[in-house]
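Chemist: quick one, structure for this:
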Amino acid sequence: MQFTHEHEELRRSLQKFIAAEINPHVDQWEREQIFPAHALFKKMGDLGFLGLNKPVEFGGQGLDYSYAIVMAEELGAINCGGIPMAIGVQTDMATPALARFGSDELRREFLAPSIAGDYVACLGVSEVGAGSDVASIKTTARRDGDDYVINGGKMWTTNGTQADWICLLANTSDGPVHLNKTLICVPMKTKGVQVARKLDKMGMHASDTAQIFFDDVRVPQKNRIGEEGKGFTYQMLQFQEERLWAAARALKGNERIINATIDYTRGRMAFGRPILDNQVVHFRLAELQTEIELLRSHVYRCCELYLAGQDVTKLASMAKLKAGRLSREVSDSCLQYWGGMGFMNETVVSRAYRDTRLSSIGGGADEIMLTILAKYMGTLPGTANTRKKE
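Modeler: Okay, here's the model as predicted:
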């Protein structure tokens with residue numbers, strides 16, 4: 001991928017913003033287990049960061065998806081995983097379907113203020129009994145006059161305690177599970193919406209995550225994104241961008257941990273010499289850096305094909321799978337070289353170890369990525385001779 005002067009200017013702007021407005025506060029937000037989403041997103045919205053590839057008529061920059069990839073990569077410079085994830089929900093998980101398929105009225109009401117940073121968005125897909133198995137969700141939205149009446153619940157909802165609206169996936173009929181779902185914009189202050197609890201997580205502490213219930217929540221049918229019954233399809237398209245975003249975000253995040261480990265092991269002495277001087281250490285770090293660079297090439301290739309209008313489900317699934325596993329490998333390997341300090345919560349490598357574990361679960365578990373790839377390869381039972389060609 002060939003980056004332009006405009007791409008590099010975006011990188012520099014994001015680096016400056018992260019250094020001034022985010023990283024100085026990360027430790028405090030981690031301790032408080034929440035960050036001020038409205039205040040931070042408003043600053044980002046004012047600088048145009050929240051709508052890089054969104055339509056200009058709703059406040060976006062109208063740029064192509066390569067700029068979103070550049071932003072995702074630069075967010076890896078943030079000294080935790082939770083805040084980049086929360087930003088990614090706003091830009092690449094809760095809003096792509098709305099930007100692409102929503103009516104102009106709906107985009108004015110929900111997309112424009114999300115791009116401006118006036119609204120915080122969240123995505124309501126996963127449920128207690130339906131995480132990666134999106135087809136099995138139970139939340140319903142039944143027609144009643146001009147409204148939908150929503151009942152059910154959502155789990156593991158990033159930004160959920162601070163969000164102004166939720167991009168909700170619900171069953172709008174009793175038809176086939178891949179054809180009965182609809183995406184609906186639901187204001188979080190609507191009567192019957194209850195944030196049941198803020199979840200206590202192993203990592204991603206600065207990001208608030210909620211369990212949400214819906215009890216006879218009534219919203220106008222005009223809040224529907226696109227066509228009724230197309231929600232599963234729209235969500236699968238959103239997943240392409242979410243998974244590419246996750247892989248791009250992992251690049252500099254992993255490099256940040258490797259560089260911190262180089263600095264630490266260069267100064268940590270054992271048996272009369274720096275830990276870094278041991279061949280097993282500097283060779284291992286070189287191997288991990290090579291893996292990151294190979295993932296970077298793959299992510300850039302995915303982006304190029306996506307810009308060309310190709311279906312990148314297979315390659316994006318590979319990127320998500322590799323990014324999750326590599327992130328876990330990097331944090332685990334580096335933590336070992338920190339010795340006892342690696343086991344202390346105060347160190348960046350310990351935080352990375354906790355945060356990156358989610359990368360193989362959220363946005364589709366590793367096993368889901370492998371199932372998608374097996375379908376494309378024609379190796380699943382019943383898929384013989386059905387291998388999908390590039």
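Chemist: give me the number of residues near residue 221?
Modeler: A count of nearby residues for residue 221, using other Cβ atoms under 10 Å, gives 16. From N, CA and C alone the C-beta is placed, and that goes for glycine too.
Chemist: what sits against it?
Modeler: Neighbour list for residue 221: 143, 146-148 [criterion: Cβ atoms under 8 Å, 6 or more residues apart in numbering].
Chemist: just the buried ones from these?
Modeler: With neighbours counted by 16 or more other Cβ atoms under 10 Å, those contain buried members at 147-148.
Chemist: now the contacts of residue 221 as CSV including secondary structure?
Modeler: What follows is the contacts of residue 221, written out as CSV (DSSP: H, G, I helix; E, B strand; the rest coil):
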residue, secondary structure
143, strand
146, coil
147, strand
148, strand
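Chemist: from the contacts of residue 221, which is closest to residue 68?
Modeler: In terms of Cβ to Cβ, no member of the contacts of residue 221 lies closer to residue 68 than residue 148, at 30.4 Å.
Chemist: quick one, strands of the stretch 51-200 of the chain?
Modeler: Under the criterion DSSP state E, counting those that start in this stretch, the stretch 51-200 of the chain contains strands at 121-124, 140-144, 147-158, 165-171, 181-187, 193-198.
Chemist: those: which one's closest to residue 77?
Modeler: Residue 77 lies closest to strand 147-158 among these, at 19.8 Å (Cβ to Cβ).
Chemist: partner strands of that closest one, with direction?
Modeler: strand 140-144 (antiparallel), strand 209-220 (antiparallel) (DSSP bridges).
Chemist: just the closest of the contacts of residue 221 to residue 373, please.
Modeler: Ranked by distance to residue 373 (Cβ to Cβ), these are led by residue 148 at 35.7 Å.
Chemist: distance of the closest residue to the closest one other than its chain neighbours relative to residue 84?
Modeler: With sequence-adjacent residues excluded and distances taken as Cβ to Cβ, 6 or more residues apart in numbering, residue 148 is closest to residue 141, at 4.1 Å. Here residue 141 is placed at a distance of 31 Å from residue 84 (Cβ to Cβ, to the nearest Å).
Chemist: give the helix, strand or coil label for residue 202.
Modeler: coil.
Chemist: for residue 382, same thing?
Modeler: Here residue 382 is recorded as coil under three-state DSSP.
Chemist: where does it land on pLDDT?
Modeler: Model confidence at residue 382, given as pLDDT, is 73.
Chemist: repeat for residue 389
Modeler: The model's pLDDT for residue 389 equals 54.
Chemist: could you do residue 386 as well?
Modeler: As predicted, residue 386 sits at a pLDDT of 56.
Chemist: what about the helices in the protein?
Modeler: In the chain, the helices defined using DSSP state H lie at 5-17, 26-32, 37-46, 65-74, 82-88, 96-101, 104-106, 112-116, 231-267, 279-307, 313-337, 348-356, 366-377.
Chemist: CSV for the ones you listed, including distance to residue 218 and mean pLDDT?
Modeler: Below are the helices of the chain laid out as CSV (distance: least, Cβ to Cβ, whole Å; pLDDT from 0 to 100):
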stretch, distance to residue 218, mean pLDDT
helix 5-17, 40, 98
helix 26-32, 35, 97
helix 37-46, 26, 98
helix 65-74, 34, 98
helix 82-88, 28, 97
helix 96-101, 20, 96
helix 104-106, 17, 98
helix 112-116, 22, 98
helix 231-267, 19, 95
helix 279-307, 37, 97
helix 313-337, 35, 97
helix 348-356, 38, 98
helix 366-377, 33, 94
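Chemist: of those helices, which stretch is the most buried?
Modeler: Of all those, helix 82-88 has the most neighbours on average by mean count of other Cβ atoms under 10 Å, namely a mean of 25.
Chemist: ok so, going back, and the contacts of residue 221 as JSON lines, adding pLDDT?
Modeler: Shown next, in JSON lines, are the contacts of residue 221 (pLDDT from 0 to 100):
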{"residue": "143", "pLDDT": "97"}
{"residue": "146", "pLDDT": "97"}
{"residue": "147", "pLDDT": "98"}
{"residue": "148", "pLDDT": "98"}
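Chemist: which one of the contacts of residue 221 sits closest to residue 173?
Modeler: For these, the closest approach to residue 173 (Cβ to Cβ) belongs to residue 143, at 9.1 Å.
Chemist: no further queries at this time; thank you.
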